[in-house]
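> Dropping a prediction and its sequence here:
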Amino acid sequence: MKTLPVLDPITDEACCTPAGQPALGAEEAKQKALVFKALADPNRLRLLSIVKAESSGESCVCDLTDPLDLGQPTVSHHLKILVDAGLLHREKRGTWAYYSLVPGGLDGVAELLATL
């Protein structure tokens, strides 16, 4: 029969140096998570691509319902999430809202990943 080695008792000494302060604060992580949550939905990704592809640089909410085959309230909900995440800008004109990309907004997403 083979005997197992006797292990030394556990001491209070830490096995490694603590990591220190987190690189990302709680509030900053919360804001960055909003962006990732906004991008995690296929309909919102499609909305971003439609707005970005528009030659005028902006799209009316009335033109965004048909390509997604979604109702206007659902599209407006998705657009609000993109606005709250800082990816789209909303401008109200009469009864319609027009959406455009926030300058540097998509570049900021790439920077988010690079700074983690």
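Received the coordinates, thanks.

> Report the secondary structure state of the closest residue to Ala85 other than its chain neighbours.
Closest residue to Ala85 apart from its sequence neighbours, by Cβ to Cβ, 6 or more residues apart in numbering: Ala38 at 3.7 Å. Where C-beta positions appear, they are placed from N, C-alpha and C, glycine not excepted. At Ala38, secondary structure determined by DSSP: H, G, I helix; E, B strand; the rest coil is helix.

> Dump the helix or strand harbouring Ser100 to CSV, restricted to CA.
Ser100 belongs to strand 96-101 when assigned by DSSP states H and E. The C-alpha coordinates for strand 96-101 follow below in CSV (Å, rounded to 0.1, in the frame of the first residue of the first chain):
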residue,chain,number,x,y,z
TRP,A,96,-40.9,62.5,-35.6
ALA,A,97,-37.5,61.7,-34.1
TYR,A,98,-34.4,61.5,-36.1
TYR,A,99,-31.4,59.5,-35.0
SER,A,100,-27.7,59.8,-35.9
LEU,A,101,-24.5,58.3,-34.6
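
> so for stretch 74-89, what's the average pLDDT?
The predicted model gives stretch 74-89 an average pLDDT of 95.

> Buried residues, it. List them.
Of all the residues in stretch 74-89, those buried under the rule 16 or more other Cβ atoms under 10 Å are 75-76, 78-79, 81-83, 85-89.
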